[in-house]
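Undergrad: sequence and predicted structure, then a few things I'm wondering about:
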2 protein chains.
Amino acid sequence: MSPKSLFSFSLTALSCTAGLAAANPLREQALELFQPLPSTVPAVKDNPITPEKIDLGKALFFDPRMSASGVFSCNSCHNLATGGDDNLETSIGHGWQKGPRNAPTVLNAVFNAAQFWDGRAPDLAEQAKGPVQAGVEMANTPGQVVATLNSMPEYVAWFQAAFPDQPDPVSFDSFAKAIEAYEATLITPAPFDAWLNGDDAALSGEQKQGLSLFIDAGCASCHGGVNLGGQDYYPFGLVETPDAEVLPSGDKGRFAVTATEDDEYVFRAAPLRNIAVTAPYFHSGKVWELEAAVSIMASSQLGADLSEEETAAITAFLHSLTGEVPQVVYPVLPAETSGTPRPDGAVQR
Amino acid sequence: MSPKSLFSFSLTALSCTAGLAAANPLREQALELFQPLPSTVPAVKDNPITPEKIDLGKALFFDPRMSASGVFSCNSCHNLATGGDDNLETSIGHGWQKGPRNAPTVLNAVFNAAQFWDGRAPDLAEQAKGPVQAGVEMANTPGQVVATLNSMPEYVAWFQAAFPDQPDPVSFDSFAKAIEAYEATLITPAPFDAWLNGDDAALSGEQKQGLSLFIDAGCASCHGGVNLGGQDYYPFGLVETPDAEVLPSGDKGRFAVTATEDDEYVFRAAPLRNIAVTAPYFHSGKVWELEAAVSIMASSQLGADLSEEETAAITAFLHSLTGEVPQVVYPVLPAETSGTPRPDGAVQR
């Protein structure tokens, strides 16, 4: 163990006592800090979820014609095949431009208190409107999205079925709400949920040690709740400023949203579900190894110098947050018509 | 009807006689020229198809990490949600470069005699190796593809299951054969198949008129067989050279493959299944309306000046080739490891 180790017991001693009898106190402690995923799709504020809305939202989520170029869909950067993100430092978008921050996973995002690294969108519907319009991402406009959708009779019918009470069902707001409804279904129950729900065998001994360390070291103070994060904002580099590559000085985080000095280099605590399959890490996307990310967090946020064994145990615990992605039947989308705006890959500089 | 009309009967007269009694001679004529899709996945030369190979091929088909940048998968340009192609004039690839020719649909491609607009790949396995390596598409190398796959233990296990007799199962050849096996399953039975198989009601009266015109005008001479095309090579502009935008002088088609003067501006006859959902048309991708494409084909290849009604009827028939895409469960792909080559969007000029 490292000289700075936070714990007076050895990992070996813990592993001898972490059997069934010792499991309950840890679970009781854990249940005060975390919640298992619910067994049903959560209710979403001001957006009653219906099967029609989910189906429409899925089509929109996978439709590359929502981008100006016809190249990118929501799924391009939040790929359900690869952990709900794109495995890139920062996303590549319209005109091969690089986005400013690492794309967070869409999986379980409905449980975050706010969306984006700086929390600038209060919900997934608001979030969905961002990348569609961002010049470096999908580079489209609300008007063109609505024109595209209105040009395809199947889409119009699907919007009517999903928003039966709207006089004008095809709107940018409804587009966003349908995507939010679909994304609310993207929930991934993990071994950690099974363990929280009472299945002692769902976590290995090392994972339980890691959980214990995760709590005792203080990680859970920011990474709590159902998503182990995503609930509140904290300065990155609370105790020790990380490398400039990891925390570039040009990106002041939430300061851009609040213009409050206290919010300089403040970010939403990353939700940790599926973290093991969503490298690279941090808003800068500069760290590819989960162990390294754990070490950086420990030193920058807690002033802790974890031993290799401790880092390994916490990393093992984080692997227990990799959940089962719901089965997604790939949609067959409506065909364009003569009225559909044509794809345009030109870059406005 | 136009002065140059090929037919002495009026469409109105035909529609009066195109009932059940008259259906059989047309079907008999059609069955000499076309074949319905088989009810099972076809055998593929030198590539026995197994469930393990199909599953692996599906994963590879959807995996953007097969491209150097991590942005493009096979499905990016051959999107199963949008007719098996990308709805672009020519595809946008690595570094936002534009490909030279319109991406053909992957649906039913297993039935083409050869792949690409110039037929330069004899089969789908050979085809699959092309875009992965093309600098303007996925810009990867066989070595990097194999290294990427070998870095993920699940992929190695899947290759072992799919190629149990290979001493070194993860190879670029096996990669291509697995994709070929998956693509062989992408078969889309259409109303035209139902009609060929004896269901008189599967085509409308106008569609039957269109089929009759399609045969009598000579379209079926090149667009025959199970895919209504994709079987042989013909000069584009046989009778009349189309506009330079549609047939750009710089792309000499099959000449680039054979270096034979007779092959200048010769292309594989486009397979017409799902043509109504795979605009824009021709290798140049410059024509967005199916009616316009039909007119251009009639004048350039047959010297025929179709009336609006004739064009509409043939177009209606072509809509009967839009088939049902098999249900695709979106894959969940293996996560990268520390050994996985990192995505690189840099463009080598």
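TA: In hand now; what should we look at?
Undergrad: who in the stretch 1-150 of chain A is up against chain B?
TA: A:62-65, A:69-71, A:76, A:79-83, A:86-88, A:92, A:95-96, A:98 (CB under 8 Å from any CB of the partner chain). Heads up, the C-betas are built off the backbone N, CA and C, glycines and all.
Undergrad: please indicate which of these are buried?
TA: Neighbour-count burial (16 or more other CB atoms under 10 Å in any protein chain shown) applied to the residues of the stretch 1-150 of chain A next to chain B gives A:62-65, A:69-71, A:76, A:79-83, A:86-88, A:92, A:95-96.
Undergrad: which ones among the residues you listed lie within strands?
TA: The members of those that map onto strands under DSSP state E are A:I92.
Undergrad: find the nearest non-adjacent residue to the residue in the stretch 101-250 of chain A positioned nearest to chain B, please.
TA: Chain B sits closest to A:T188 of the stretch 101-250 of chain A, with a gap of 9.9 Å, by CB to the nearest CB. Among residues not flanking A:T188 along the chain, A:G323 sits closest, at 2.8 Å (CB to CB, 6 or more residues apart in numbering or on different chains).
Undergrad: number of nearby residues for the one you found?
TA: The number of residues packed near A:G323 is 20, by other CB atoms under 10 Å in any protein chain shown.
Undergrad: and it, what's its pLDDT?
TA: pLDDT recorded at A:G323 is 98.
Undergrad: would you map the helices across the stretch 201-349 of chain A?
TA: Under the criterion DSSP state H, counting those that start in this stretch, the stretch 201-349 of chain A contains helices at A:205-216, A:219-222, A:255-258, A:290-302, A:308-319.
Undergrad: let's verify A:N24: helix, strand, or coil?
TA: Following DSSP: H, G, I helix; E, B strand; the rest coil, A:N24 is assigned to helix.
Undergrad: what's the domain layout of chain A?
TA: Structural domains assigned to chain A are A:24-37+A:187-318, A:49-182, following the TED database.
Undergrad: out of these, deepest packed?
TA: Stretch with highest mean neighbour count among these: domain A:49-182 (a mean of 21; mean count of other CB atoms under 10 Å in any protein chain shown).
Undergrad: I'd like the mean pLDDT over that one, please.
TA: Average pLDDT, domain A:49-182: 97.
Undergrad: tell me who's in contact with A:G95.
TA: Counting by CB atoms under 8 Å, 6 or more residues apart in numbering or on different chains, A:G95 makes contact with A:V136, A:A139, A:G345, A:V347, B:W96.
Undergrad: if you set the cut-off to 7 Å instead, what comes out?
TA: When contacts are counted by CB atoms under 7 Å, 6 or more residues apart in numbering or on different chains, A:G95 is found next to A:V347, B:W96.
Undergrad: grab the nearest non-local neighbour of A:F163.
TA: Nearest to A:F163 is A:P169, by CB to CB, 6+ apart, at 4.2 Å.
Undergrad: the one you found is in contact with A:F159, isn't it?
TA: Yes - between A:P169 and A:F159 there is a contact under CB atoms under 7 Å: 4.1 Å.
Undergrad: now, the residues of the stretch 1-150 of chain A next to chain B that are in helices?
TA: Cross-referencing the residues of the stretch 1-150 of chain A next to chain B against helices under DSSP state H gives A:F62, A:S76.
Undergrad: dump the residue contacts of whatever residue of the stretch 151-300 of chain A ends up closest to chain B.
TA: Closest approach between the stretch 151-300 of chain A and chain B, counting by CB to the nearest CB: A:V277, at 4.0 Å. With contact set as CB under 7 Å, 6+ apart, A:V277 has these partners: A:G83, A:T322, B:A335.
Undergrad: doesn't A:L272 make contact with the residue nearest to A:T188?
TA: No - using CB under 7 Å, A:G323 makes no contact with A:L272, being 11.4 Å away.
Undergrad: buried residues in stretch A:334-342, which are they?
TA: Buried, per 16+ other CB under 10 Å, within stretch A:334-342: A:P334, A:A335, A:E336, A:T340, A:P341.
Undergrad: ends of it, how far apart?
TA: 15 Å (CA to CA, to the nearest Å).
Undergrad: list the contacts of that stretch.
TA: A:144, A:147-148, A:151-152, A:154-155, B:83, B:87, B:276-277, B:279, B:288-289.
Undergrad: the same query, at a cut-off of 8 Å, please.
TA: Contact partners of stretch A:334-342, identified using CB under 8 Å, 6+ apart, comprise A:59, A:65, A:144, A:147-148, A:150-155, B:82-83, B:87, B:276-277, B:279, B:288-289, B:322.
Undergrad: that stretch - what's its average pLDDT?
TA: When pLDDT is averaged along stretch A:334-342, the result is 96.
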